[in-house]
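In: Model the following, please.
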Amino acid sequence: MIITIDGYSSQGKTYIGSKLAKELQMEFLATGSIVRYTAYLYTIYNNHSDEHSIWEKAIREMQTTSMQDLLACPYLKDAKTEEALLSAASDPDVFAQVVEKIILYAKGRNIILDGRFTFDIFPDAYRSYYFCSTKQRRAALYAREHGITMEEAFRYITFRDSFEKNYTIPNHVKVIRLDNFLNADAVLSYLLKDILGK
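Out: Residues are numbered from 1 along each chain as shown. Next up, the predicted model:
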């Protein structure tokens with residue numbers, strides 16, 4: 001069984017998704033970690049030569065790295081990795097190869113995946129959710145999590161949104177408006193009821 005959670009950054013998708021997976025005794029994967037790992041590799045190999053060939057090298061290594069080792073990388077949220085995400089978003093090969101790795105990994109697993117494109121990758125998922133909330137709420141969450149000011153948080157979110165792809169949300173995807181919930185536990189409770197039918 002596959003469940004997907006999509007939406008823009010800094011909404012608590014990973015936090016809620018991982019708690020949901022624990023409650024349902026399923027595996028959890030934050031798919032953005034694969035993109036981040038590839039971006040991290042780009043920063044390692046970047047010698048200011050042909051950008052596409054650097055991405056090709058990073059992609060090849062990402063493909064052969066086990067998911068366990070990939071997720072254990074301590075530089076997934078490094079500042080240089082964050083900067084490289086902008087370049088990763090403009091290279092179609094990065095997106096295609098990340099999708100391929102996600103599909104291969106999820107095959108035959110009971111898994112919850114969060115990310116920015118999972119409802120497109122798994123159109124037949126058991127449940128697909130799309131989280132949305134105000135920029136104010138996203139900034140407050142990011143500022144609290146990282147111990148920074150709201151101004152810094154807004155800058156980060158604006159940067160992330162600048163290269164996010166826009167998707168038409170299909171009818172089978174349930175939109176979850178997070179501002180309508182008191183807290184993450186309330187969202188979790190709603191999702192559990194929806195999935196289990198209780």
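In: So what touches the lowest-mean-pLDDT helix or strand in the chain?
Out: Lowest by mean pLDDT, DSSP states H and E among the helices and strands of the chain is helix 79-89, with a mean of 89. For helix 79-89, the surrounding residues in contact (CB atoms under 8 Å, 6 or more residues apart in numbering) are 35-36, 38-40, 42-43, 46, 51, 55, 75, 94-95, 159-160, 162-165. Yep, even glycine has a C-beta here, placed from its N, CA and C like the rest.
In: Which of those are buried, as a PyMOL select command?
Out: Buried subset of the contacts of helix 79-89, written as a PyMOL selection, criterion 16 or more other CB atoms under 10 Å:
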select buried, resi 35+36+38+39+40+42+43+46+55+94+95+160
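In: Among the contacts of helix 79-89, which lie within helices?
Out: Among those, DSSP state H puts 35-36, 38-40, 42-43, 51, 55, 94-95, 159-160, 162 in helices.
In: Centre-most residue in the protein?
Out: The centroid of the chain falls nearest to Gly115 when counting by CA atoms, centre = their mean (2.9 Å).
In: List the buried residues for the least confident helix or strand of the chain?
Out: Neighbour counts over helix 79-89 (16+ other CB under 10 Å) mark 81-82, 84-85, 87-89 as buried.
In: Closest to Ala143 out of those residues?
Out: Glu82 (15.9 Å; CB to CB).
In: got CSV for the ones in helices among the contacts of helix 79-89, with distance to His146 and pLDDT too?
Out: CSV is the format used below for the ones in helices among the contacts of helix 79-89 (distance: CB to CB, whole Å; pLDDT from 0 to 100):
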residue, distance to His146, pLDDT
Val35, 19, 94
Arg36, 16, 94
Thr38, 23, 96
Ala39, 18, 95
Tyr40, 18, 96
Tyr42, 23, 94
Thr43, 20, 94
Glu51, 29, 82
Trp55, 28, 92
Val94, 25, 90
Phe95, 26, 89
Phe159, 14, 89
Arg160, 13, 86
Ser162, 19, 86
